[in-house]
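Peer 1: Need coordinates for the below:
(chains A and B)
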Amino acid sequence: MTSIRIDQNLTSELLAKAKRKGATAADAVAVEGDAASVQVRLSVVDKLSKAQEKRLGLRVYLGQRSAGASTSDLSPASLDELVETTCALAQAVVEDPSAGLPDPAALAKERPDLDLYDSQTVPMDRMIELATRAEKAALAVDSRLTNSEGADFSAFGGRTVFANSHGFYGEYQSSSFSCAVAPIAVQDGLMQRDYWYAVGRKLNRLDSPEAVGQEAGRRTVRRLGARKIATCRVPVVFEPEIAGSFLGNLCSAVNGYAIYKGASYLVGRLGERIAPDLVTVYDDGRMPGGLGSKPFDGEGLPTRKNVVVERGILRSYLLDTYAARKLGLASTGSASRSVGEASSVGATNFYLTPGTATPDEIICSVKRGLYVTELIGFGINMVTGDYSRGAVGFWIENGELAYPVEEITIAGNLKDMWMGVEAIGNDLVFSGRIVSPTVKIAAMTVAGE
Amino acid sequence: MSETEKFYLERFGVTDRELLAAMGRVKVRDVDYADLYFEHTVDESISMEESLVKRASKSVSQGVGVRATAGEKTGYAYSDEITLRQLEQAADTARYIARSPAGAGSVPAIRVGRPGQDLYPVTVPATEVATPEKVALLERIDQVARAYDPRIKNVMASFTTEYKIVLIANSEGELVGDVQPLSRLQVTCIAEGNGQRQVGSFGGGGRGEYTFFLENNRWERYAKEAARQAVLNLRAVDTPAGPMVVVLGSGWPGILLHEAIGHGLEADFNRKKTSAFTDRIGEVVASELCTIVDDGTLPFRRGSLNVDDEGTTTSRTVLIEKGILKGYMTDKLNARLMSIPLTGNGRRESFQCIPMPRMTNTFMLPGESTPAEIIRSVKRGLYAVYFGGGQVDITNGKFVFSASEAYLIEDGQVTTPVKGATLIGSGPEILKKVSMVGNDLQLDEGIGTCGKDGQSVPVGVGLPTTRVDEITVGGTQA
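Peer 2: So this is what the prediction gives:
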């Protein structure tokens, strides 16, 4: 078997094959890339991993019937089989009036360079050195940091190709580099772990391993001596990582698929107030160098900057062509398509716009309350908005972080939590695809002793 | 050679001689152990919503992962392409860990190992059952769920099945293959009433044939259960917040064991001394009513395997016996480094992943009490019978799991349904608070997927009805 190049010839041929087998329309997505990662633990290399990936997915339409299939075997015989399989599957499902490719006129015409690729490769030895430095810096923060789950450094570079039978062909390269460390602190025989990380598309713009390590060390050691607190109802402040997770729940709730299925608490709320004036949320697919940026979406439509919530009013769901047709709306350029998965809707760079208060000012505004630094569990009901999760953080007493707390839960309903947003920090950092500054919520139920 | 080994060797044009050569290339002087993991998986998924079966997909994934271990170090490389050149490149990357000079290492001749058990013989894999038959089943599920109650407004159902063929060759000369079918049928219903909307979800599966879902009308029960939960939740009231007596129903609530103690007893965390259970073998970690095992040898179970993903025959491992911590679950690397028994728990999601110690089917053995006695014993508490997911921080031992169907217990009677809530506790402490264990052990229906280090593997759990004297309940009623 020889290596097969993923290019326009390959996709054109594949789409032509599909048409010969009776497909009225089709599209194809392919990804290839090289990934490498190292894990260092207590300054010794623990794991090295290297990978080459190449996969291709096909979706065919037989009129209003459609199905998808994918393979990692790109030989001509395998691609013939892929076409056969996909067409046979499509014959087995029922007609869906909303199925189909987007309107050809709507397809992306430009291919903006969004600065998503860094051609630098990082030799294994260099990755080991960077991870080692991050872990050393973490453990140097405090003498109680005596163990570690390890430090990781990873690099990925690859190419995404998308083509459809309307004649669209597009491809782009992207890369990502990340450094993470998870130290462990011990005191009185009890252990605590936390972590910190940096991730970005450019190697040279990544935070230094020392900065990552120091933050990981600081976050871990401050958890020592954590205790339970009594059950109460108090204001809750989410640090940015946790506010990002809270914002991620909003992102799931505005997903067009959840909306048309009736599986979101935001069904039928378009144009209505869902949060106070200070809340504005964007999803921006065109942010240069953004971790979620891409020149066109998963079905070839141009990406763009969508206003999701504007000064508290729900302005838009996130939609691909299918979800948009189901709801009688237009696509927001939010199709997400990965090889081997059904097409869906995904966030690009989804963020809550920052406010003016510093995180300290927000904490200072709380007389008695909870500052949350970690959440665990999956206790969220997207249909009702009911929310109940395990939490770790700090008790706030008279505007100051008094002591660490654990083995508690915070509970409420997402509708009330968003309406109860009282303050938004000025500390937004684009460290992921869904990010938020510090957020303060008026009140939640904290369950403890 | 068995059929499986032939299938691979022929399919990829890799001969046993080439396999040996690749192994020699990776098993250089300072490499303790090396293995090659070949995988070919067919996945099929069919789903229904709004009474229309409108999505179907199939994927074929194949590749090889090459691993070398030297001391505590692991080198790994994988490729989607199974060619001699890729094998050699992967071998070179994997052995980089050992920093040994290149050169043919000596490896023993290959002898074919066979799984010592045949836990999931399948004549017709579910992937081979005609798609229209599965489409028809999903349509019947829609009808049954909607007929259950007029308040059911949407039904979503999906059938997913995979057929995985693996071949594992190692530097000890073993070559073992296994065919691992796995299917799951899942139903979710949305009900509307009293001006609100609610959701219910139920499903099951395992490593058997497609007919499993037809036997005893399982599909019909899944549909009705999902509908029942959705409608029930329409009248659920706010859940109390704070510590309560909690009675866990039998079966799926065994997720408690998975989170509270299971992960903490995986050997890697204990070797690295990052688990709250580190160095606690022989100590009391549960009430003497608790005996907990991990058993990968249960026929057709979702968490079962003939051999784990390192080729080790799976087994039944006693984790806790009458409250005493007995043992950890191991893979080859950790069993060797810790000098403890190999339990056949070395698992990986796919050829793209490094194996590590993982659970199979984890459950508590039955006790003496009847479920009715247990409920009657509670003056005020929570009866939790169905759960969503759970999670644990293995280092401080704190874990959560989220109830999706629960009721209040008042004066020994199960009364009002309450809204879903997260329960939180401490792994090393929670089982000490078990005061009654039922005689009604059940395993779950076969829906569990466990995530660790970004790798998902199918698992099972089980529990008899169990009374826990105190768990913090994360309700909203302070």
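
Peer 1: Tell me which strands the host helix or strand of A:L370 pairs with, and in which orientation.
Peer 2: A:L370 belongs to strand A:368-376 when assigned by DSSP states H and E. Strand A:368-376 has the following strand partners under DSSP bridges: strand A:232-238 (parallel), strand A:386-397 (antiparallel).

Peer 1: what's the next secondary structure element after the longest one?
Peer 2: Once the chain leaves strand A:386-397, the next helix or strand it forms, by DSSP H and E, is strand A:400-413.

Peer 1: part of a helix, is B:E10?
Peer 2: Yes - judged by DSSP: H, G, I helix; E, B strand; the rest coil, B:E10 forms part of a helix.

Peer 1: Against A:R219, how distant is it?
Peer 2: 53 Å (CB to CB, to the nearest Å). Quick note: C-beta positions are derived from backbone N, CA and C, even for glycine.

Peer 1: now do B:P428
Peer 2: Distance of B:P428 to A:R219, given as CB to CB: 24 Å.

Peer 1: quick revisit: dump the strands paired with strand A:368-376 into a markdown table; add mean neighbour count and distance to B:G205 as well.
Peer 2: Below are the strands paired with strand A:368-376 laid out as a markdown table (neighbours: other CB atoms under 10 Å in any protein chain shown; distance: least, CB to CB, whole Å):
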| stretch | mean neighbour count | distance to B:G205 |
| --- | --- | --- |
| strand A:232-238 | 23 | 37 |
| strand A:386-397 | 25 | 27 |
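
Peer 1: Now mean pLDDT too, for these, in TSV please.
Peer 2: Formatted as TSV, the strands paired with strand A:368-376 follow (pLDDT from 0 to 100):
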stretch	mean pLDDT
strand A:232-238	98
strand A:386-397	97
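
Peer 1: Map the structural domains onto the sequence of chain A.
Peer 2: With domains defined by automatic domain parsing, chain A comprises A:8-34+A:47-102, A:124-221, A:226-449.

Peer 1: follow-up on the earlier one: how big is the angle separating the strand holding A:L370 from strand A:400-413?
Peer 2: Angle of strand A:368-376 versus strand A:400-413, following axes from the mean of the first three to the mean of the last three CA atoms, to 10 degrees, is 70 degrees.

Peer 1: Can you list the buried residues in strand A:368-376?
Peer 2: For strand A:368-376, burial by neighbour count (16 or more other CB atoms under 10 Å in any protein chain shown) applies to A:369-376.

Peer 1: try stretch A:298-311
Peer 2: A:298-303, A:306-309.

Peer 1: How about stretch B:215-234?
Peer 2: B:218-219, B:222-234.

Peer 1: farthest pair in those?
Peer 2: B:R218 and B:L234 (25.4 Å; CB to CB).

Peer 1: related to what we said a few turns ago, is it possible to get the domains of chain A out as a markdown table so that each row also shows distance to B:T211?
Peer 2: Shown next, in a markdown table, are the domains of chain A (distance: least, CB to CB, whole Å):
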| stretch | distance to B:T211 |
| --- | --- |
| domain A:8-34+A:47-102 | 19 |
| domain A:124-221 | 39 |
| domain A:226-449 | 27 |
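
Peer 1: For the residue nearest the centre of chain A, give me its contacts.
Peer 2: Closest residue to the average C-alpha location of chain A: A:R433 at 4.6 Å, with CA atoms, centre = their mean. By CB atoms under 8 Å, 6 or more residues apart in numbering or on different chains, the residues touching A:R433 are A:290-292, A:347-350.

Peer 1: Likewise for B:R221?
Peer 2: Contacts of B:R221 (CB under 8 Å, 6+ apart): none.

Peer 1: That one and B:V187, how far apart?
Peer 2: From B:R221 to B:V187 the distance is 10 Å (CB to CB).

Peer 1: Can you tell me what sits against the longest helix seen in chain B?
Peer 2: Secondary structure of chain B read by DSSP state H shows that its longest helix is helix B:131-148. Helix B:131-148 is contacted from outside by A:88-89, A:92-94, B:44, B:46-48, B:51, B:53, B:56, B:152, B:155, B:157-159, B:185, B:187, B:189, B:210, B:213-214, B:219-220, B:222-224, B:226-228, B:231, using CB under 8 Å, 6+ apart.

Peer 1: What score does the residue of chain B found nearest chain A have for pLDDT?
Peer 2: Across chain B, no residue is closer to chain A than B:G474, which sits at 2.8 Å (CB to the nearest CB). What the model reports as pLDDT for B:G474 is 96.
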